[in-house]
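In: dropping a prediction and its sequence here:
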Amino acid sequence: MDLALEEAESLEKDLEPNGPGPKEKARSLWSDAWHQLRRNPVFIISSLLILFLVVIAIWPQLIASGDPLQCDLSKSQEGSAPGHPFGYDTQGCDVYTRTVYGARASITVGICATVGAALLGSLLGGLAGFFGGWWDALLSRVADIFFGIPVVLGGLVFLSVVTSTTVWPVVGFIVLLGWPQIARIGRGSVITAKQHDYVQAARALGAGNGRMLMRHVAPNAVAPVIVVATIALGTYIALEATLSFLGVGLRPPTVSWGIDISNAAPQIRNAPHMLLWPAGALSITVLAFIMLGDAVRDALDPKLR
């Protein structure tokens, strides 16, 4: 028996990686996700690119000293020149300056629309999934109605009657059609979370609905919403450019990549540089947010590890 006890103790010591030192503290879902994100090159590259885009959207003067609305018709459609590396557009405006300043409108629309759709969708979907009943049935039918509205056609109808030149009508339209997707994701996540044993234990101990929802259900159901919202942000930026290209989104004098692409499309044979740079900036921005969303999804979904 003593021999067996000694062998067991020896085996236990061999299994300890660091001997008698302190054991590693178990990480939570969020700390584990951050641990993986810091080692993901896709996350690092996309985050640095998004940080750069946000900085130039807030302070475009850092890399562009000109005025995007100052034009010279005598230089219409000219190519690159000293101090103007991207050339000039049809109106003689500096394409480089307009490309830099165009980041402000596009990123503003994307971030504001994503925050609005995520808050509204997660609130309605979370309440429907937690309480169920007639509220759940009503929300599902209302969401089905919005899912049946074509996005581009809805934008043409809704925004064609708006005369404002600010970004807020476009933001409001995207939130109006974007919340059902996030509401459906949030509803399913809350239904899954409220069936866990710790939620049932809290209910048995007398916790109220508000406490259970805020302390136990919501923190464990928010991860899928964050993933969907991050990926949707890039989609919303592309949608704003599409609506501006069709003439119902942002309107001049607002500087937008979609407006510049729309103005450059008829002249693509004569002056392709007018289309290349704003379209390239738009593509890189959308790609960066989609890459960020994919990295966050891989970190928060245990099934993909």
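Out: Yes, it's here. What you see is a predicted model, and the numbers here were worked out from it, not measured in a lab.

In: on contacts alone, who are the packing partners of the helix or strand V170 falls within?
Out: In this assignment (DSSP states H and E), V170 forms part of helix 168-193. Helix 168-193 is packed against helix 95-131, helix 133-147, helix 151-159, helix 218-245, with contacts defined by 3 or more C-beta pairs under 8 Å, 6 or more residues apart in numbering; DSSP states H and E. For glycine as for every other residue, the C-beta is placed from the backbone atoms N, C-alpha and C.

In: got the angle between the shortest one and helix 218-245?
Out: The reference is to helix 151-159. In terms of direction (axes from the mean of the first three to the mean of the last three C-alpha atoms, to 10 degrees), helix 151-159 departs from helix 218-245 by 70 degrees.

In: same question for the second one.
Out: What separates the directions of helix 133-147 and helix 218-245 is an angle of 20 degrees, with the same axes, to 10 degrees.

In: chain center to helix 133-147: distance?
Out: 24 Å (C-alpha atoms, centre = their mean, to the nearest Å).

In: likewise for the shortest one?
Out: Counting by C-alpha atoms, centre = their mean, helix 151-159 is centred 21 Å from the centre of its parent chain.

In: one more: stretch 207-226?
Out: Distance, centroid of stretch 207-226 to centroid of chain: 22 Å (C-alpha atoms, centre = their mean).

In: hmm, who's touching stretch 86-102?
Out: Residues from elsewhere that reach stretch 86-102, judged by C-beta atoms under 8 Å, 6 or more residues apart in numbering: 56, 60, 63-64, 66-81, 84-85, 255-257, 259-260, 263-264, 267, 271, 273-274, 277-278, 281.

In: now, which of these lie within helices?
Out: Applying DSSP state H to the contacts of stretch 86-102, the entries found in helices are 56, 257, 259-260, 263-264, 273-274, 277-278, 281.

In: okay, the helices and strands packed on helix 168-193 in CSV with distance to Q200, mean neighbour count and mean pLDDT next?
Out: Formatted as CSV, the helices and strands packed on helix 168-193 follow (distance: least, C-beta to C-beta, whole Å; neighbours: other C-beta atoms under 10 Å; pLDDT from 0 to 100):
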stretch, distance to Q200, mean neighbour count, mean pLDDT
helix 95-131, 13, 23, 92
helix 133-147, 19, 13, 87
helix 151-159, 40, 15, 87
helix 218-245, 13, 22, 89
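
In: ok, Q70 - contacts?
Out: Contacts of Q70 by C-beta under 8 Å, 6+ apart are 93-94.

In: same thing with V42?
Out: By C-beta under 8 Å, 6+ apart, the neighbours of V42 are 291, 294-295.

In: just the angle between the helix holding V170 and helix 151-159, please?
Out: If you take the same axes, to 10 degrees, helix 168-193 sits at 130 degrees to helix 151-159.

In: mind checking what helix or strand follows helix 168-193 in sequence?
Out: Note on helix 168-193: by DSSP H and E, the next helix or strand toward the C-terminus is helix 197-204.

In: what's that following helix in contact with?
Out: Residues outside helix 197-204 that contact it (C-beta under 8 Å, 6+ apart) are 193, 211-212, 215-217.
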